[in-house]
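generate coordinates for the sequence data below:
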Amino acid sequence: MNVITEPDRLRAHESHPIDSREANLLALGLQPLVLMGANWNDPTASALSDTEKQHLQKSWQLDSTADVLIAAFELVNHRHQNVEWRRMLELRGRLAERSEPTPHAWLTAIARDGIDGDRARAFVDAIQGYEQELGAGPDDSVEAVISLDAFALAQAVAVSVWGVGLGFLSRSKSLRLIGHVNEIARREFASWAAFGRSYAVGSAMFSSDGELKRRGSRQAAITSMIMRTALDPASDGPWAVLPWRI
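Below you'll find the model as predicted:
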């Protein structure tokens, strides 16, 4: 089933559990795994076709065990680093600790920090535009995104799984990497919903160079559809039943 065209249910591999600790760890990479057409709970990526494997190898430059390990390391430690973006989101986070961060208050804080006004306005407009694509959370709340790091952390999980499917990593080695990524993510995010929103907005921002563009909006719409399905108990969403704290 294609979750993009038939989002009522995420694909789970029948040979692997959906409620084990391993499944919980794998669920952190659910968004990029599902986008690639994989079963989110399959630690071996066995459903990948030869064409999909070739695409992965080419797009991620994964031709050896070292390539997979380096890719995972870079994603965890550098996280598609953009220092200015990170700073502006940190300022939004500080505002959010006191009250809802309005666009005006956020832009004022950014200006005081000395960041170029035109770049700041484009960034704020893009973040808020993509947040609108996500809509409210499962409890009708709208949580401000203050980090895009879930995008890289979820990809690190997916790369570790793909490494097994490509024959470069053992399942045990992959699981150790995935466990390490999860330790970081569970400290930095408070819930599946917060993590999923960060990933969705991050995927849109990095695909559109931080501007509000049609390509980014499409990316936000697709990833938020996956997120909403994952959080929906009526669709057997794994994030609806798996605990965030493990």
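
per-residue pLDDT, the closest residue to A122 other than its chain neighbours?
Of all residues not flanking A122 in the chain, E211 sits nearest, at 5.6 Å (C-beta to C-beta, 6 or more residues apart in numbering). In short, each C-beta sits where N, CA and C put it, glycine included. On the pLDDT scale, E211 is placed at 92.

assess the claim that E211 and V124 are in contact.
No - using C-beta atoms under 8 Å, E211 makes no contact with V124, being 11.2 Å away.

out of these two, which sits in the more crowded spot?
V124 (19 against 14; other C-beta atoms under 10 Å).

which residues does the more buried one contact?
88, 103, 106-107, 110 (C-beta atoms under 8 Å, 6 or more residues apart in numbering).

gap between the residue of the chain most remote from its centre and R94?
Computed with C-alpha atoms, centre = their mean, the residue of the chain farthest from its C-alpha average is R112, at 30.4 Å. From R112 over to R94 the distance is 12 Å, taken as C-beta to C-beta, to the nearest Å.

L153 too?
L153 is 22 Å from R94, by C-beta to C-beta.

what number of residues lie near the residue nearest to A45 when sequence neighbours are not counted?
Distance criterion C-beta to C-beta, 6+ apart; nearest residue to A45, sequence neighbours excluded, is G165 at 2.9 Å. By the criterion of other C-beta under 10 Å, G165 has 21 neighbours.

also K213?
Per other C-beta under 10 Å, the neighbour tally for K213 reads 16.

W40 too?
Neighbours of W40 using other C-beta under 10 Å come to 27.

same question, S15
Around S15 there are 10 residues (other C-beta under 10 Å).

residue contacts, the residue nearest in space to the middle of the chain?
The centroid of the chain falls nearest to Y199 when counting by C-alpha atoms, centre = their mean (2.9 Å). By C-beta under 8 Å, 6+ apart, the contact set of Y199 is 31, 150-151, 154, 223, 227.

any idea of the mean pLDDT for the strand or helix carrying it?
Using DSSP states H and E, Y199 sits in helix 192-207. Helix 192-207 shows a mean pLDDT of 95.

contacts for the helix or strand that it is followed by, please.
Counting by DSSP H and E, the next helix or strand C-terminal to helix 192-207 is helix 214-231. Under the criterion C-beta under 8 Å, 6+ apart, residues 3-4, 7-10, 27, 30-31, 34-35, 126, 129-130, 133-135, 137-138, 192-193, 196-197, 199-201, 203-205, 207-208, 235, 237-240 lie in contact with helix 214-231.

now the buried members of these.
With burial judged by 16 or more other C-beta atoms under 10 Å, the buried subset of those is 3, 7, 10, 27, 30-31, 34-35, 126, 129-130, 133-134, 137-138, 192-193, 196-197, 199-201, 203-205, 207-208, 235, 237-239.

strands of the chain, residue ranges please.
Counting by DSSP state E, the chain has no strands at all.
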